[in-house]
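Chemist: coords please:
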Amino acid sequence: MTGAEFSGVDVDLLADYVGGALDGTPDEAVVTALIAEDPAWHDAYALLCGGVEAVSTELRTLGSTPEPMPADIFARLDAALLEASATRGSSPDAGTGSADSTQGARHDPVDADDPGGARVIAIGTARERASGRGTAAPGAPASDGATPDQRPVAVPFDARRRRTRRLRGAAGVGIAAGVLAFAGFGAQQLAVSTDSQTASSAGSAADRAADQGAPQSAELAVPGVPPMQITESGLDYRQATLGQAGAHTLAAPNASDADKLDGSRSSASAPTAKSETTDALSRLRVQAALIACIDAIADKSGLAPITAQSVDFARYDGAPAVIIQFAAPGGSWVWAVGPGCGASGVGADKLGSVQVG
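Modeler: Got it, this is the predicted structure:
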C-alpha cells in the first residue's frame, strides 16, 4: 500500500490510527469521521487492517515457540563466569561469597517453568506493559491480534548471582570514575608543570643571553612576506643610536660593543631587566598583533608597501619599545614604537624613527 494508490488519504496518519497511536487524541475523532464519510479513507482503512492482520498472524506463528540460546554461546558464557568466580576466589580478601558465586555459576540448562533455577524475561513495548499485555505467559501468542512484541527466553538466574553482578558492576563504575578523575588531574598537573618548566627555561635562557650580551633571535615566517629576524636584546635605544638597531638584531653586541655604546644618553644602554619589558610588550609577541603593528607603521609613515626586516623587543629612552627596521620603496627605516602599536584607536604609537638607507 502506497500513498499513490490513495491520493486523497494521509497514509501515515491512517497507519497511526490503526496502530493505536492516536488513541485519546483529537486526531482520532477526525480520522474516525473520515473513514465513515470518505470512501477513499474507508477503502484504505479496510486494506490496511487486512494487511496488519496477515502480518500479525505470521508473526504469531514465528513467535509461538521461544528460541533457546545457542549451545556454544551458553557454554562460553558459563566458562567466563566460572573463570571470573575462580579469579575472585583466589584473591586474599575473598570470602565465602566467592565460593558461593562459583557454585552458583555451575548449572545446567534449565526449564523456563522452573522459577528456582531460571527467570523468564519477557520483552515488550512500554505501552503493552502499561496496559498489562506485556505479562503474557511464556510462549503464548497475543490475544488481541496485535503483533507479538515479546519472546520469553529462559535465562539461568538466582538472587545471589544478581547481587554479585550488581556489586561487580558498581565496583567497575567506581574504578572507571576514579581512573578518569586521576587522569584529568594528572593531565592538568602535567600541563602546569610543562608550562612552568617552559617558562623557567625561557627565563633562564633570556637571563643567560642578557648576561652574555647575546639575545636570542628567531624568524617570523608570514605567508607571502619575507621572514623577519626577531630578537629581545633589552637595549635602551636613543635617537642617536636608533640606526644601529638592525645590526644589533642580526648580531647582538658583545661586552666591548656595549661599553662603546655606554657612557652618554645619546648611546644605547646595556640590556636592562627584561621582566618589565616582557610584561609591557606581551601583546606584541602574538604574531597577529605584531603584523597589525607593522601595518599601522605602513599607514603612519605613508611609505607603503613596507617589508619588515628585523624586530627587537627592547627600550627607547627608558620605556618599553619595539624597534622595527623595514624596507620601503624610498629606502630603509628604523622605527621605535610603544606597546600600543597596532591597537584599535592607537595607530603606530611612534616613539622615534630614523632613515638608515
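Chemist: switch to C-alpha atoms for all contacts and neighbour counts from now on
Modeler: Noted.
Chemist: Mind jotting down where the strands sit in the chain?
Modeler: 118-121, 153-156, 217-222, 225-231, 236-237, 307-316, 319-328, 331-337, 350-355 (DSSP state E).
Chemist: nearest to G50, of the ones you listed?
Modeler: strand 153-156 (30.3 Å; Cα to Cα).
Chemist: Average pLDDT for that closest one, rounded please.
Modeler: In this model, strand 153-156 has a mean pLDDT of 43.
Chemist: Stretch 227-240 now?
Modeler: pLDDT averaged over stretch 227-240 gives 89.
Chemist: follow-up on the earlier one: R60 is nearest to which of the strands of the chain?
Modeler: strand 153-156 (15.7 Å).
Chemist: Need the winner for burial among the strands of the chain.
Modeler: Counting by mean count of other Cα atoms under 10 Å, strand 236-237 has the highest mean neighbour count of the strands of the chain, with a mean of 26.
Chemist: and it, what does it pack onto?
Modeler: strand 307-316 (3 or more Cα pairs under 8 Å, 6 or more residues apart in numbering; DSSP states H and E).
Chemist: For burial, what's the neighbour tally of the closest residue to K300 other than its chain neighbours?
Modeler: Of all residues not flanking K300 in the chain, A348 sits nearest, at 6.5 Å (Cα to Cα, 6 or more residues apart in numbering). When neighbours are counted by other Cα atoms under 10 Å, A348 registers 26.
Chemist: Quick check: A348 touching I297?
Modeler: Yes. Between A348 and I297 a contact is recorded at 5.2 Å, counting by Cα atoms under 8 Å.
Chemist: okay, the strands of the chain in a markdown table with distance to E53 next?
Modeler: Below are the strands of the chain laid out as a markdown table (distance: least, Cα to Cα, whole Å):
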| stretch | distance to E53 |
| --- | --- |
| strand 118-121 | 26 |
| strand 153-156 | 25 |
| strand 217-222 | 73 |
| strand 225-231 | 77 |
| strand 236-237 | 95 |
| strand 307-316 | 83 |
| strand 319-328 | 86 |
| strand 331-337 | 87 |
| strand 350-355 | 88 |
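Chemist: Least confident secondary structure element in the chain?
Modeler: Confidence across the helices and strands of the chain bottoms out at helix 255-261, with a mean of 37, counting by mean pLDDT, DSSP states H and E.
Chemist: So which residues lie in contact with stretch 36-46, not counting its own?
Modeler: Under the contact criterion Cα atoms under 8 Å, 6 or more residues apart in numbering, stretch 36-46 has outside partners F6, G8, V9, L14, V18, L34, I35.
Chemist: Sort out for me which of those residues are in helices.
Modeler: L14, V18, L34, I35 (DSSP state H).
Chemist: residues contacting the last one?
Modeler: In other words, I35. So I35 contacts W41, H42, Y45 (Cα under 8 Å, 6+ apart).
Chemist: got CSV for these, with neighbour count too?
Modeler: Converted to CSV, the contacts of I35 look like this (neighbours: other Cα atoms under 10 Å):
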residue, neighbour count
W41, 22
H42, 18
Y45, 20
